[in-house]
Structures are given as structure tokens and as C-alpha cells.
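1. Sharing a model prediction with you, sequence too.
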Amino acid sequence: MAMKLDEDEGITMSQPKMTDVAKLAGVSPTTVSRVINRRGYLSAKTINKVEAAMHQLNYRPNTVARQLQSQKTMTIGVLVPTVANPFFGELTFQLEHYLFNAGFKVLVGNAENDIGKERRYLQQLLARQVDGLVIATHNHQQQIPEYQNANLPIVSIDRYLRATIPNVSSDNYAGGRLATEELIRRGAVHIIHTDSVERFNKRDYLRQQAYQDVMREHGLTPVTYKIDFNSRPDRLQAFFNRIFDEHPEVDAFFTSNDMDAIQLLQVARQRGIAVPDQLQVIGYDGVPTTTQIVPELSTIVQPLDEMAKTAVDLLQREIRGDQVAGSHKLPVKLRVSGSLR
């Protein structure tokens, strides 16, 4: 560490420099810079040596200078419909994990499925000059013009925004086929599908499309019920009771999310319907929290960790100036449990 001697004040220490860190760690100043900015390939051994030297010297990178030099804030905005839903709570956790490890700060907007609130969050994030956005909200993007005009890197998760914005999702069509074919293979004939009301792009309803395709391929009649994603538990309960009243012959459900499937299982139990002997159910999401709470639910498992990692990788490429677009679909799998016979 550099030191200076002043005859009146004795010995004082100057602020350690990057070169001091490099010397102590036995690496070049360029390597120290790469560790700080998480740029390029670095071994765990090198990262640990540099970070240990920074800690020993109490070295703090000049964040303001770095931002002015790079014209970046190293901040990413993440917008989700609600962190109360286990799927989006887990997604937010995974995104923050990968973004933090890449050197970014994260600002999370909990839009609560409210267009006005989402627009205010988006405007605030743009005003803060974030370096990029990860969008997973459920409001119709055509009603939020900021998405169409925002001139910064954006990655969407499971929602189509526009052709130039990369989209990361599980393979929704494959998941819909897998669920419906499995129910038919296990003897179900009167299978009902539930999905959210259609207010998005048709590409956002591939689970429904797959269900309908498989049913018709097997000479069966598809029946899809639509419900608002924002519905309260009491409305969901009334919704499923109405389906049972209108379709007493139903012997299976494929729901487009696990929370609906959980409510469905509760209603079936209240009506004295035996699962899986009289009714089979497959949900969609498969996050660890839901699996722990309702282990009997069979579901299509989305690779959340890989989806978050892919979204962050794509966003970093966009920030570097790479041209990135198109759909990035990740494989799903069926988790079989007690709601299938």
C-alpha cells in the first residue's frame, strides 16, 4: 500500500490503487479490472485472489468513475406481475442471483398486474437510466407504449413484446402436448383446459394450442375455460365449481399454472371427488415451493434456473452491442405424482 510521510502529521495512508491490488494478488491491473467488472473468462482461483487482496487493502472501486467512463449505471430493472405467486417469486430470485454475480444492481418492480402501476415503474426505471430490462409482466404490451419506444436492451420472459426483443420461455407447446397426451394415455377422455383470458399475443397461448391439437388428433372435443390471472381465491373457487356443474363428466384437467391446479384440487376435495381415481390433474410450472406445499400435484416443470440464466446472458450480449432476437425455448419435463393414476 502506498504511504506518505508528513513532518507535522506523521504517517498517513493514501487510498489504495488498482495497481496495489494487482501487486498483492500477483496479477496484472487488467485482470483486477476484469474481476471488478466481471468481464471475460476468469478462474475461481484468480477471482478469489483478487477479491482477497481487495479485502485486505480495503480497496473500493471508484463506482462513479467507472460509470462515467463506461456510460453505464450497472443497474438492471426487473418487472414481474406479482412476487406473491411462487413462480414469479422464484424467477425474481434466480434473476437477481445471476445479475448480481454479473456485477449488476437490481431494481424490482412488482406490477401487481396493474397497467398503470407497470407504466409508472417502467418510467421510473427509464429515468434512472438502467442499462437494461427483464420483463415478465402479464399486461398487454400494446397498452404500454414505453416498451415499443424504449431504446435500451430488453429481454422478455414468457411474453412476446416485439420481433426485435428476445424472448425466453419454456417450450410451452411441447409442455401442452406432453400434459394432454399423458392424461389421454392414462385413460382420460373428458379433459378440460384452463388458461388466462386472451389479452396477449397469440404466441403466448401455445399451451392451449397444443392441448387443442392433441385432443382433436385423438378425436376428442377440446374444452377451454378462460379466467383472469388476477382472480382472487374465492373467485377461482366459484370458477371451478361452475366447471364441475357444467361438465359433470369431466375426468381430467390440464391447468396452465400450478396455482389454479392447487385451487382445483381443493374444490374437488370439497365436492367429494376422489383424486386421482375420479379426476386426474396436471398443472404447469413446477417451482420448488409449490412442490413442497402440494407434493401430490403432477405438473409440467419449467427450467426456471436455466430460463433466468439465459435471460441474463442475452441481456449482457445486448448491452455489449450484439444483435440478439428471436425466441429461446427451453425443454420441459413432466413431474408425475399423486394427482395421476
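-> Yep, it's here.
2. Could you use CA atoms for every contact and neighbour count after this?
-> OK.
3. Show me where the stretch 201-341 of the chain has its helices.
-> Using DSSP state H, counting those that start in this stretch, the helices found in the stretch 201-341 of the chain span residues 206-217, 233-246, 258-270, 288-293, 304-319.
4. How far does the shortest one sit from its chain's centre?
-> Mean C-alpha position of helix 288-293 versus that of the full chain (C-alpha atoms, centre = their mean, to the nearest Å) differs by 17 Å.
5. Check the first one too.
-> Helix 206-217 has its C-alpha centroid displaced from the chain centroid by 25 Å (C-alpha atoms, centre = their mean).
6. Next, the buried residues of that helix.
-> Along helix 206-217, the positions that meet the burial threshold by neighbour count (16 or more other C-alpha atoms under 10 Å) are 206-215.
7. go on, the fourth one?
-> Counting neighbours by 16+ other C-alpha under 10 Å, one finds that the buried residues in helix 288-293 are 290-291.
8. what does the second one give?
-> Counting neighbours by 16+ other C-alpha under 10 Å, one finds that the buried residues in helix 233-246 are 236-237, 239-241.
9. just the third one next, same as before
-> Of the residues in helix 258-270, those scored as buried under the neighbour-count criterion (16+ other C-alpha under 10 Å) are 258-265, 267-268.
10. Does anything pack onto that helix? Which helices or strands?
-> With contacts defined as 3 or more C-alpha pairs under 8 Å, 6 or more residues apart in numbering; DSSP states H and E, the secondary structure elements packing on helix 258-270 are helix 233-246, strand 280-285.
11. re the thing from before, now distance to P288 and pLDDT too, for the buried residues of helix 233-246, in JSON lines please.
-> Below are the buried residues of helix 233-246 laid out as JSON lines (distance: C-alpha to C-alpha, whole Å; pLDDT from 0 to 100):
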{"residue": "L236", "distance to P288": "23", "pLDDT": "91"}
{"residue": "Q237", "distance to P288": "24", "pLDDT": "94"}
{"residue": "F239", "distance to P288": "26", "pLDDT": "95"}
{"residue": "F240", "distance to P288": "25", "pLDDT": "97"}
{"residue": "N241", "distance to P288": "28", "pLDDT": "97"}
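12. Sketch out the strands for the stretch 1-150 of the chain, chain order is fine.
-> Using DSSP state E, counting those that start in this stretch, the strands found in the stretch 1-150 of the chain span residues 3-6, 10-13, 75-80, 105-110, 132-135.
13. follow-up on the earlier one: of the helices and strands packed on helix 258-270, which is nearest Q123?
-> For the helices and strands packed on helix 258-270, distance to Q123 was read as C-alpha to C-alpha. The smallest value, 30.2 Å, belongs to strand 280-285.
14. can you give me how far that closest one is from the chain middle?
-> Relative to its parent chain, strand 280-285 has a centroid offset of 19 Å by C-alpha atoms, centre = their mean.
15. Please apply the same query to stretch 110-121.
-> 17 Å.
16. first to last residue in that stretch, what's the distance?
-> For stretch 110-121, the first and last residues are 8 Å from each other (C-alpha to C-alpha, to the nearest Å).
17. shaky segments in the stretch 201-341 of the chain?
-> 201-202 (pLDDT under 70).
18. swap the cut-off to 90 and go again
-> Counting by pLDDT under 90, the stretch 201-341 of the chain has low-confidence residues at 201-205, 227-233, 320-326.
19. mind giving me the domain ranges of the protein?
-> Under the assignment automatic domain parsing, the domains of the chain span 3-61, 73-169+305-330, 172-303.
20. residues in contact with R269?
-> Listed by C-alpha atoms under 8 Å, 6 or more residues apart in numbering, the contact partners of R269 are V275.
21. dump the residue contacts of N48.
-> For N48, the contact set (C-alpha under 8 Å, 6+ apart) is empty.
22. wait, I meant A53
-> Contact criterion C-alpha under 8 Å, 6+ apart gives 21-22, 24-25 as the residues in contact with A53.
23. Dump the helices and strands packed on helix 258-270 to TSV, plus distance to I144.
-> Written out in TSV, the entries for the helices and strands packed on helix 258-270 read as follows (distance: least, C-alpha to C-alpha, whole Å):
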stretch	distance to I144
helix 233-246	27
strand 280-285	27
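24. Which one, of those, ends up nearest to R335?
-> Distances from R335 to each of the helices and strands packed on helix 258-270 were compared by C-alpha to C-alpha, and the smallest falls on strand 280-285, at 9.0 Å.
25. Okay, angle between that closest one and helix 304-319 too, please.
-> Relative orientation of strand 280-285 versus helix 304-319 (axes from the mean of the first three to the mean of the last three C-alpha atoms, to 10 degrees): 30 degrees.
26. strands paired with strand 280-285, and their directions?
-> In its sheet, strand 280-285 lies beside strand 252-255 (parallel), strand 298-301 (parallel), with partners assigned from DSSP bridges.
27. I'd like those strands as JSON lines, with mean neighbour count and distance to G326 appended.
-> Compiled in JSON lines, the strands paired with strand 280-285 are given as follows (neighbours: other C-alpha atoms under 10 Å; distance: least, C-alpha to C-alpha, whole Å):
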{"stretch": "strand 252-255", "mean neighbour count": "26", "distance to G326": "27"}
{"stretch": "strand 298-301", "mean neighbour count": "26", "distance to G326": "23"}
